[in-house]
Structure formats: C-alpha cells, structure tokens
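**Q** let's see this in three dimensions:
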Amino acid sequence: MKMSIRTPPRLLELVGRSLLRYQALAISTLEKLPTELFPPLFMEAFNRRHYEALKLMVQAWPFRRLPLGSLMKRPCPETFQAVLDGLDTLLTQGVRLRRWKLQVLDLQDVSENFWMVWSEAMARACLPNAMMNRKPVQDCPRMRGQQPLTVFIDLCLKNRTLDEYLTCLLLWVKQREGLVHLCCKKLKMLGMPLHNIRSILKTVNLDCIQEAEVNCNWTLPVLAEFTPYLGQMKNLQKLVLSDIDVSLYISPEKKKEFVTQFTSQFLKLHYLQKLSMNSVSFLKGHLDQLLSCLKTPLKILAITNCVLLEADLKHLSKCPSISQLKTLDLSGTRLVNFSLVPLQVLLERVAATLEDLDLEDCGIADSQVDTILPALSRCFELTTFGFRGNPISMATLENLLCHTIRLNNLCLELYPAPRESYDAGGIVCRSRFAQLGAELMKRVRALRKPERILFCTTDCPQCGNRSFYGLEVDQCCC
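**A** Numbers count the residues shown, from 1 in each chain. Next up is the predicted model:
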C-alpha cells in the first residue's frame with residue numbers, strides 16, 4: 001500500500017498497528033512508512049512488548065534522537081534489551097541502512113505525556129507546508145563510521161547495588177567502548193558505597209556532568225578519594241554536598257591535606273554557578289581555602305547547618321566570586337555572638353543582584369540585627385526573605401519590618417514570632433502570639449502591601465510543628 005502524508009492520521013495509525021501484527025515486518029517496509037507515524041507506532045510496540053518490531057523500528061528510526069526516558073518509568077528488562085539489540089545492528093551495520101539518522105538515545109527522565117506531545121509535534125512538522133519549508137537533512141558523520149552513538153541518562157545512585165535496568169545499560173556501554181558515549185548531565189549519589197560509584201564513573205563521560213549531588217554520609221577521607229572524579233567534571237554548573245563529617249581519628253595535618261585535595265578541584269570547575277554545602281563539618285576554619293579556588297562568579301551559594309568561625313564570614317564577604325549572587329542561604333549556620341559587619345559588607349556587595357536571602361535559624365539576636373539593616377534595605381531585587389527561628393523582640397522585629405518598606409519585589413517573607421510570644425519556659429502562648437501577630441500585620445499594612453508574609457513560632461516540643469500567623473492564625477495541631 002502506497003501511503004502519503006495526506007493519508008488521514010487515524011488511518012495511518014491503524015495501518016501501523018496492523019504492521020506490528022505482521023510477523024514478517026522488515027526494514028524495507030518501515031522505510032516506506034511516513035515519518036510522522038513512527039512515534040505512535042513505537043509507543044505501541046514498546047507498551048505491548050513487540051520485541052522484534054522494536055528492534056527493527058530502532059534501526060529505521062527517522063529522527064536524530066530517540067527520547068526513550070519517559071517510556072522507562074517502569075522498565076521491562078526484555079523491552080529495553082530489544083532496544084539495545086536494535087542499536088547493536090545500527091552500530092555494526094549502520095552504513096548499510098540508507099535511512100539511518102539516529103545519533104542520540106535519550107534516557108533522561110521527562111514527563112509521561114512527552115511522547116504524546118512530541119508525536120503531535122512531529123506530525124505537524126510532516127504536513128505538506130512544513131515539508132516544503134524543511135531543510136534537507138545532511139548525512140550524519142557517524143554514517144561514514146566517524147561518530148559514536150551518544151546515550152544521555154540522569155543517574156540517581158541511591159541503593160547499595162544497581163537495579164537490573166542500569167546494570168544492563170552499563171554493561172552494554174562498557175562492552176562497546178569507542179562505539180557508545182554515555183553522557184550524564186545530572187548525577188545524584190545518595191547512599192551508594194564509593195567503590196560501587198567509582199566503577200560507574202569510569203563508564204560515564206565525566207565532562208558531560210552539569211549537576212552533581214553527593215549525600216552519602218561520607219567522612220572527609222572518603223570525600224578525598226572522590227575528589228579526582230570531581231576535578232574531571234569540567235562542565236559542572238551545580239554542586240550539592242551534604243553530610244560530610246571529619247573523622248575523629250585524623251590528625252590536623254591530615255585534615256588540612258584532605259581539605260586541600262578537595263578544594264583544589266574547584267580550580268578546574270570553570271562553569272560552576274551553584275554551590276550548596278549542608279552539614280559539611282570541615283568548613284570551619286577552612287572556608288577561605290575553598291573560596292580562593294572558585295574561578296567564576298556564583299549565582300547561588302548555600303552554606304547551611306554548618307559550623308563557621310567569624311573569620312570564615314569575613315573571608316566570605318571579601319570573596320570575588322560572590323559579587324553577582326542571586327541566592328544566599330545561610331540557614332541553620334549559627335552566627336551567635338558574631339559581629340555581623342562581614343554580613344553587612346556581603347549584603348552591600350550583592351545588593352544589586354540578590355533575589356533570595358535565607359537567614360533562618362542562625363541564632364541572630366537583637367544586638368546583631370541593627371548592623372545588617374541598612375544593607376538589607378538596599379537589596380531592591382529581593383523576592384524572598386527568610387528570617388524565622390531567630391530570637392528577636394517585638395521592637396527589633398518592628399524595626400526590621402520598617403527597613404523593608406522599599407523592597408517592592410518581595411513575594412514571600414518569613415519572620416520569627418517575637419520573643420514576647422513565649423512564656424518563661426520557652427513554650428509559645430497562643431493567645432499572646434495571635435495578639436502580637438495581629439499588631440505586626442497591622443503595622444506592615446500601614447507601611448506597604450505585602451504579597452505574602454508569615455510570622456512563625458519555633459518548633460512545638462509536643463508535635464514538632466510550627467504555628468504561623470499570616471492572614472489568619474494557623475496553629476499547630478497538638
């Protein structure tokens with residue numbers, strides 16, 4: 001049957017599905033199919049596990065990219081293996097297939113309706129008018145034996161061992177060295193032992209990684225073993241590091257050596273824009289080592305739930321790479337009894353760009369707040385400001401609110417309940433909190449029109465939740 005791009009779409013799908021049931025389906029048959037029929041036909045073969053049809057469709061795939069990720073939510077090993085078998089034929093016999101265009105197997109996770117949307121877009125692109133305006137497709141260099149197949153995947157290594165799907169993929173890639181490049185843009189390491197991670201990283205092109213997260217409860221010596229791989233991630237844009245502890249059994253000299261091994265890798269990260277460190281104990285007294293190795297201006301900096309020295313805060317305020325910050329998050333990092341002059345200097349330097357500022361649970365007291373108010377009042381780009389969890393009085397809170405009058409871009413503000421909301425034992429008095437919340441809200445509305453503002457208590461000792469006062473009181477449930 002001769003089919004054209006004018007054949008009604010529903011008829012095309014019916015013809016395609018009948019082909020799937022035809023056991024003698026061949027490449028020559030697929031090469032005659034309209035291009036727009038391939039996505040819905042591939043979905044049908046994948047979901048119904050027509051393994052032989054899948055192998056042939058991969059070989060005759062008429063697009064540069066095969067976005068398989070959204071179909072792999074609950075991967076069937078046999079179905080995935082059928083795709084790999086089809087790719088094997090391409091890699092070994094591709095020069096014989098006149099229609100071969102596939103260059104990228106995309107296993108990245110996208111929304112489940114991606115294929116439906118993409119299929120419709122492909123169908124529109126194949127309409128007569130679109131076909132008239134389309135530029136001719138150039139031969140792929142790999143069709144002349146010059147370019148390997150690229151496989152994109154996001155890796156989340158959260159178990160001690162790999163699942164069957166990833167094990168199959170990594171073994172397949174390893175056995176086809178030189179023919180397949182495994183590229184990972186997002187890498188999460190959330191609990192897998194380092195020796196297992198190391199074997200996986202040897203298979204991945206590390207310079208493809210753009211975002212990396214390490215949250216494995218490592219000690220500093222283990223982190224030092226990982227650092228050579230970090231230095232090879234030359235296109236890294238975002239690094240998240242959590243729960244790194246300094247072993248009690250290492251000497252100060254060894255600690256300095258390990259810290260130097262880690263921080264020196266940042267000299268190679270010329271595209272880093274987002275740096276987040278949570279519960280990283282070795283930063284105390286060593287933050288300057290890390291900051292001095294940053295090569296590019298950061299957009300996001302988070303140092304949360306860490307222990308710092310006042311000297312560390314001074315080094316941070318002078319760092320050349322923080323002058324263009326859009327987000328600064330110091331939540332949970334205790335600044336008790338610190339001079340906040342360095343924080344004032346820091347806010348002055350980033351006032352023109354800062355959009356998100358989080359100083360929650362820093363232990364900032366009344367005597368410290370006045371220092372940062374003039375600089376804070378000039379952060380005109382600020383959209384979110386978190387200050388809850390700091391033990392300040394009603395008078396200090398009112399003064400703080402007065403200094404936000406000209407911050408017209410604020411969309412979300414989180415402030416602590418004033419100290420007067422609690423009894424002598426530190427338990428919130430709900431009626432008193434409601435009264436003071438109402439007074440504060442009245443004061444704010446007299447100054448400006450807040451978009452969303454909340455006053456929050458500390459955690460309830462009975463249920464662990466916080467009470468909020470915004471447009472109305474939201475009490476904890478105990």
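**Q** skipping its backbone neighbours, what lies nearest the residue nearest in space to the middle of the chain in space?
**A** By CA atoms, centre = their mean, the chain has its centre lying nearest to residue 211, at 6.4 Å. Residue nearest to residue 211 in three dimensions, not counting chain neighbours: residue 238, with 4.2 Å by CB to CB, 6 or more residues apart in numbering. (Each C-beta comes from the backbone N, C-alpha and C, glycine too.)
**Q** packing partners for the helix or strand containing residue 258?
**A** Secondary structure assignment for residue 258, by DSSP states H and E: helix 252-264. Packing partners of helix 252-264 (3 or more CB pairs under 8 Å, 6 or more residues apart in numbering; DSSP states H and E): helix 220-231, helix 287-292.
**Q** could I have the CA atoms of it written out in CSV?
**A** Provided in CSV are the C-alpha atoms of helix 252-264 (Å, rounded to 0.1, in the frame of the first residue of the first chain):
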residue,chain,number,x,y,z
PRO,A,252,45.1,18.2,61.9
GLU,A,253,47.8,17.8,59.3
LYS,A,254,45.9,15.0,57.5
LYS,A,255,42.7,17.1,57.8
LYS,A,256,44.4,20.0,56.1
GLU,A,257,45.8,17.7,53.4
PHE,A,258,42.3,16.2,52.7
VAL,A,259,40.7,19.7,52.6
THR,A,260,43.3,20.9,50.2
GLN,A,261,42.7,17.9,47.9
PHE,A,262,39.0,18.7,47.8
THR,A,263,39.2,22.5,47.4
SER,A,264,41.9,22.4,44.7
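**Q** list the contacts of residue 389.
**A** Residue 389 makes contacts with 331, 360-362, 416, 456, 458, as judged by CB atoms under 8 Å, 6 or more residues apart in numbering.
**Q** circling back: now the helices and strands packed on helix 252-264 as TSV including distance to residue 339 and mean neighbour count?
**A** Shown next, in TSV, are the helices and strands packed on helix 252-264 (distance: least, CB to CB, whole Å; neighbours: other CB atoms under 10 Å):
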stretch	distance to residue 339	mean neighbour count
helix 220-231	29	18
helix 287-292	16	20
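**Q** just put the ones you listed in a markdown table and tack on mean pLDDT.
**A** Formatted as a markdown table, the helices and strands packed on helix 252-264 follow (pLDDT from 0 to 100):
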| stretch | mean pLDDT |
| --- | --- |
| helix 220-231 | 95 |
| helix 287-292 | 96 |
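**Q** of all the ones you listed, which lies closest to residue 254?
**A** Residue 254 lies closest to helix 220-231 among those, at 7.9 Å (CB to CB).
**Q** tell me the first helix or strand C-terminal of that closest one.
**A** With DSSP H and E, the next secondary element past helix 220-231 is strand 238-244.
**Q** thinking again about what came up before, buried ones in the helix holding residue 258, by neighbour count?
**A** 255, 258-259, 261-263 (16 or more other CB atoms under 10 Å).
**Q** and for stretch 259-278?
**A** 259, 261-263, 265-266, 269, 272-278.
**Q** contact partners of that stretch?
**A** Taking CB under 8 Å, 6+ apart as the rule, stretch 259-278 contacts 220, 223-224, 227-228, 230-243, 282-283, 286, 289-290, 292-306, 329.
**Q** mind redoing it with 7 Å?
**A** Stretch 259-278 is contacted from outside by 223-224, 227, 230-231, 234-242, 282-283, 286, 289-290, 293-296, 298-306, using CB atoms under 7 Å, 6 or more residues apart in numbering.
**Q** would TSV of the buried residues of stretch 259-278 with pLDDT and distance to residue 72 be doable?
**A** As requested, these are arranged in TSV below (pLDDT from 0 to 100; distance: CB to CB, whole Å):
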residue	pLDDT	distance to residue 72
259	96	40
261	96	37
262	96	34
263	96	38
265	97	32
266	97	34
269	96	31
272	97	30
273	97	29
274	98	27
275	98	31
276	98	28
277	98	32
278	98	30
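**Q** relative to residue 426, which of those residues is nearest.
**A** The closest of those, once distances to residue 426 are taken by CB to CB, is residue 278, at 26.3 Å.
**Q** need the phi and psi values for the closest one.
**A** phi -120, psi 130 (degrees, to the nearest 10).
**Q** can you show me the helices along the stretch 251-400 of the chain?
**A** 252-264, 287-292, 310-318, 341-350, 366-376, 394-402 (DSSP state H, counting those that start in this stretch).
**Q** which outside residues touch the shortest one?
**A** Applying CB under 7 Å, 6+ apart, the set of residues contacting helix 287-292 from outside is 259-260, 263, 266, 308, 312, 315-316, 319, 321.
**Q** point out where the stretch 101-250 of the chain drops to low pLDDT.
**A** 111-146 (pLDDT under 70).
**Q** try 50
**A** Per-residue confidence for the stretch 101-250 of the chain (pLDDT under 50) gives these ranges: 126-146.
**Q** how about the strands in it?
**A** Ranges of strands in the stretch 101-250 of the chain, per DSSP state E, counting those that start in this stretch, are 104-106, 149-157, 180-189, 211-214, 238-244.
**Q** buried residues in the first one?
**A** For strand 104-106, a neighbour-count test (16+ other CB under 10 Å) marks 105-106 as buried.
**Q** quick one: strands adjacent to that strand?
**A** strand 65-67 (parallel), strand 149-157 (parallel) (DSSP bridges).
**Q** what mean pLDDT does stretch 393-409 have?
**A** Here stretch 393-409 scores 94 as its mean pLDDT.
**Q** between the contacts of residue 389, which is closest to residue 194?
**A** residue 331 (28.5 Å).
**Q** what number of residues lie near the nearest residue to that closest one once chain neighbours are set aside?
**A** Computed as CB to CB, 6+ apart, the closest residue to residue 331 that is not its neighbour in sequence is residue 360, at 4.2 Å. Residues within reach of residue 360, counting by other CB atoms under 10 Å, total 22.
**Q** assess the claim that residue 360 and residue 385 are in contact.
**A** No - contact criterion CB atoms under 7 Å: residue 360 and residue 385 do not qualify, at 9.8 Å.
**Q** buried residues in stretch 355-374?
**A** So, applying 16+ other CB under 10 Å, buried residues of stretch 355-374: 355-362, 364-365, 368-369, 371-373.
**Q** what's the most distant pair in those?
**A** So, the buried residues of stretch 355-374 by CB to CB: farthest apart are 355 and 365, at 26.5 Å.
**Q** coming back round to it: can you redo the buried residues of helix 252-264 as JSON lines with distance to residue 173?
**A** Listed next are the buried residues of helix 252-264 as JSON lines, based on distance: CB to CB, whole Å:
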{"residue": "255", "distance to residue 173": "38"}
{"residue": "258", "distance to residue 173": "32"}
{"residue": "259", "distance to residue 173": "34"}
{"residue": "261", "distance to residue 173": "29"}
{"residue": "262", "distance to residue 173": "29"}
{"residue": "263", "distance to residue 173": "32"}
